[in-house]
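S.K.: here is my input; please provide its structure:
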Amino acid sequence: MKFPKQSFSKLKEALSSHNSSFSSEKLPLIKDFLHYAGVPLLFALCFLAGAAARVVVHHFSPPDVVETASGSSSWGLSFQEEGKRPVGNASIEELAPYNAYFAKDTQEKKIYLTFDCGYENGNTPLILDALEKHNVKAAFFVVGNFIKDNPDLIKEMVKEGHIVGNHTLTHPDMSGISSMEDFKKQLEGVENLYKETTGESMTKFYRPPQGIYSTANLSMAKELGYKTFFWSLAYVDWYQDKQPTREEAFDKLLSRIHPGAIVLLHNTSSTNGQILDELLTKWEEMGYTFGTLSEF
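M.R.: Below you'll find the predicted structure:
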């Protein structure tokens, strides 16, 4: 569409007149609106931003350091030098009063291997075979349904000298549990299933789901006789539709290994099932031996 040459000057004049009228007649109303509604709107926007942040935090796992709620954190690490223990969002000294650990304070080249078990998809037998081949004793932190669905695997773990630890009954955000009664239910539920399956009492080792914790939770776990175990080495191995390649796994797990490392792997990772034998061999070639969490 083409406009006559005079149109733009006339349009400008009309708009100028309209703006002048709008400014003089409507501005007081806008000021009144902003005065009374501006602050509530600002609070509403802040609330929505905070809620969005909570969603992001809930769906991401280690090694990111994030604040999740007042008084709670998601365990995270910062790797600053290859072959050295990373910096956690709490130090060894800060965790010690709660009988909580993320690594061994040592220069001895020893690794403590752990697995988180939410369900079974066929990779745990491969993991157990590799561990048996290298005579490595690991800790398997299990949730309630894993024991219910896989009693034979639990019995095999125990028979082969591995530790079966407590990863809670239903894998909730434990930092949201404020009462000892509810906290205790999550741990005792797993203890009872373990005893029904094995006839033995469970070793009181605890790992918070998703690494989300609060100092109140750590205190409750200690009061129930538990030691809490975080980790000093992990990698993104839990997405079933986006498994790391062999090369990606070795890149993280070899370059970041360090003396006294508590290593977290997931039993559901097909990559872990396929590479564990070779990974253990490579760590041994680097001069590492393997300990158990009972040494803490």
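
S.K.: CA atoms for contacts and neighbours, from now on please.
M.R.: Noted.

S.K.: roughly how far does residue 111 sit from residue 225?
M.R.: For residue 111, the distance to residue 225 (C-alpha to C-alpha, to the nearest Å) stands at 24 Å.

S.K.: neighbour count winner among the two?
M.R.: Under the criterion of other C-alpha atoms under 10 Å, the comparison of residue 111 against residue 225 puts residue 111 first, with 24 against 14.

S.K.: and the more buried one, what element?
M.R.: Assigned by DSSP states H and E, residue 111 belongs to strand 110-117.

S.K.: now the following helix or strand past that strand: mean pLDDT?
M.R.: Using DSSP H and E, the helix or strand that directly follows strand 110-117 along the chain is helix 124-134. The average pLDDT within helix 124-134 is 98.

S.K.: next, count neighbours for residue 82.
M.R.: There are 12 residues near residue 82, going by other C-alpha under 10 Å.

S.K.: doesn't residue 263 lie inside a strand?
M.R.: Yes: counting by DSSP: H, G, I helix; E, B strand; the rest coil, residue 263 falls inside a strand.

S.K.: neighbours of it, just the number please.
M.R.: By other C-alpha under 10 Å, neighbour count at residue 263 equals 22.

S.K.: that one pairs with what?
M.R.: residue 113, residue 233 (DSSP bridges).

S.K.: pLDDT at the closest residue to residue 127 other than its chain neighbours, what is it?
M.R.: Nearest non-adjacent residue to residue 127, counting by C-alpha to C-alpha, 6 or more residues apart in numbering: residue 273, 5.3 Å away. For residue 273, the model assigns a pLDDT of 98.

S.K.: let me see the contact set for residue 273.
M.R.: 123-124, 126-127, 267 (C-alpha atoms under 8 Å, 6 or more residues apart in numbering).

S.K.: any idea which element it lies in?
M.R.: helix 270-285.

S.K.: now that helix, how far from the centre of its chain.
M.R.: 23 Å (C-alpha atoms, centre = their mean, to the nearest Å).

S.K.: mind listing what's buried along it?
M.R.: By neighbour count, with 16 or more other C-alpha atoms under 10 Å as the criterion, the buried positions of helix 270-285 are 270-273, 275-277, 279-280, 283.

S.K.: from residue 213, how far out is the closest residue to residue 282 other than its chain neighbours?
M.R.: Take residue 282 and drop its neighbours on the chain: the residue closest to it by C-alpha to C-alpha, 6+ apart is residue 254, 7.9 Å away. Using C-alpha to C-alpha, residue 254 is found at 28 Å from residue 213.

S.K.: and for residue 127?
M.R.: For residue 127 relative to residue 213 (C-alpha to C-alpha), the value is 28 Å.

S.K.: how about low-confidence regions in the stretch 1-150 of the chain?
M.R.: 1-71 (pLDDT under 70).

S.K.: same thing but 90
M.R.: 1-72 (pLDDT under 90).

S.K.: mind listing the strands for it?
M.R.: Assigned strands in the stretch 1-150 of the chain, in chain order: 66-69, 72-74, 77-78, 87-88, 100-101, 110-117, 139-142 (criterion: DSSP state E, counting those that start in this stretch).

S.K.: again with the stretch 151-296 of the chain
M.R.: Under DSSP E, counting those that start in this stretch, the stretch 151-296 of the chain gives strands at 163-166, 205-206, 212-214, 227-229, 261-266, 289-291.

S.K.: tell me which of those sits nearest to residue 193.
M.R.: Among these, the nearest to residue 193 by C-alpha to C-alpha is strand 163-166 (10.8 Å).
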